[in-house]
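In: 3D, please:
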Amino acid sequence: MKKNSKKVDILALHGFWGRGSQWKNLLSSFSFWAPDLFTFDSPWGPQRFQNMKDWAKSWNQWVRQEVGVGVELWGYSLGGRLALHAFLLEPELYRSLVLLSAHPGGELDVQARKSWDEKWSQDFLQISWEELFQKWNGQNLFKHDSLPPRFFEGMSREALSQAFLKWSPRNHSFSLEDLKTFRNRIFWVCGGKDFKYKSLYQRLRAQGRVQNLCEVPTCGHRLIQAQPQDFWAAFEVCRLEHCSVK
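Out: Numbering: from 1, shown residues only. The predicted structure is shown next:
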């Protein structure tokens, strides 16, 4: 098998209600490929797969055929959950995994999350785009973030709705203990103002499940929108620390 035959440095998966083009903000200096997950014509939408593990099997097959072994995999938020599944399923495919504001599962009230997922799933089928935009971005998780682009045109309501049911962190097919095996190859990045994920990652590190933890002090949850200089200043420190303890 050819190694990274497409000469791509990074494969990147965006978050909920996002687009692959958002990665240009952080990865413009690299050769990267980032698919759209929620457009009508996307082959990677949730409506085409049973669950995250099913998605990851198809993704990894595509990576083997079209990219080859040795690429780095990045994922932001929901895209990070998908990336985790792909990496843990076939870790030999990837050089390393970089997760931005991604929930690893565990520490969830499953029933409460199920109700939350089902309510949002219905909202994305029934409410106007503008009302959805205001409601979604009004959540406490995003209070330290600027608004994202208004991705309305070309977006599949069905795909967005299905993501809550099939790609929720309550549906991870792995356990938190599985993270230990590859902790030296996974980088967890959170915003310094994202207190929910910052505390979650710190607990995982204290439990020995996370090793490489990076905090971008000026950011909230939406790291994909971070100022590149702020992000890379923090992330390069994390990389150097990782290299020094390998």
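In: give me the nearest residue to G20, chain neighbours excluded.
Out: A34 (3.4 Å; Cβ to Cβ, 6 or more residues apart in numbering). C-betas here are computed from N, CA, C, even on glycine.
In: an error on my part: the question was meant for F49.
Out: F49's closest residue in space is W55 (Cβ to Cβ, 6+ apart), at 4.3 Å.
In: so what's the residue count around Q126?
Out: Counted with other Cβ atoms under 10 Å, the neighbours of Q126 add up to 11.
In: L97 belongs to a strand?
Out: Yes. The assignment for L97 is a strand, going by DSSP: H, G, I helix; E, B strand; the rest coil.
In: show me the shaky parts of the protein.
Out: By pLDDT under 70, the low-scoring segments of the chain are 1-6, 243-246.
In: what residue is smack in the middle of it?
Out: G80 (2.1 Å; Cα atoms, centre = their mean).
In: what's the helix or strand for that one?
Out: Using DSSP states H and E, G80 sits within helix 78-89.
In: which strands or helices does that helix pack on?
Out: strand 10-13, helix 52-66, strand 71-76, strand 94-100 (3 or more Cβ pairs under 8 Å, 6 or more residues apart in numbering; DSSP states H and E).
In: wait, which of those is closest to R113?
Out: helix 52-66 (14.7 Å; Cβ to Cβ).
In: tell me the buried residues in the closest one?
Out: For helix 52-66, the neighbour count (16 or more other Cβ atoms under 10 Å) marks M52, K53, W55, A56, K57, W59, N60, V63 as buried.
In: gap between the fourth one and L223?
Out: In this structure, A56 lies at 22 Å from L223, with Cβ to Cβ, to the nearest Å as the measure.
In: same thing with the fifth one?
Out: Taking Cβ to Cβ as the measure, K57 falls 27 Å from L223.
In: distance between the ends of stretch 212-229?
Out: Using Cα to Cα, to the nearest Å, the end-to-end distance of stretch 212-229 comes out at 20 Å.
In: test my guess that F30 contacts L11.
Out: No. Using Cβ atoms under 8 Å, F30 is not in contact with L11; the gap is 10.7 Å.
In: please report how far the closest residue to K53 other than its chain neighbours lies from F142.
Out: In space, K53 comes closest to S173 once its chain neighbours are excluded; the distance is 4.3 Å by Cβ to Cβ, 6+ apart. S173 is 28 Å from F142, where distance means Cβ to Cβ.
In: kindly report the same for V110.
Out: 23 Å.
In: same question for G191.
Out: Distance from G191 to F142, by Cβ to Cβ: 11 Å.
In: the two: who's more crowded?
Out: Shown here are G191 and F142; by other Cβ under 10 Å, G191 has more neighbours (26 against 16).
In: can you tell me the element the closest residue to the more buried one other than its chain neighbours falls in?
Out: Closest residue to G191 apart from its sequence neighbours, by Cβ to Cβ, 6+ apart: C219 at 3.4 Å. Here C219, judged by DSSP H and E, is contained in no helix and no strand.
In: my read: C219 touches A226, true?
Out: Yes. If you go by Cβ under 8 Å, C219 and A226 touch, sitting 4.8 Å apart.
In: quick one, which of these two is more surrounded?
Out: The neighbour comparison of C219 against A226 (other Cβ under 10 Å) goes to C219, with 25 against 22.
In: quick one, what contacts the more buried one?
Out: H144, D145, G191, G192, K193, D194, A226, D230, F231 (Cβ atoms under 8 Å, 6 or more residues apart in numbering).
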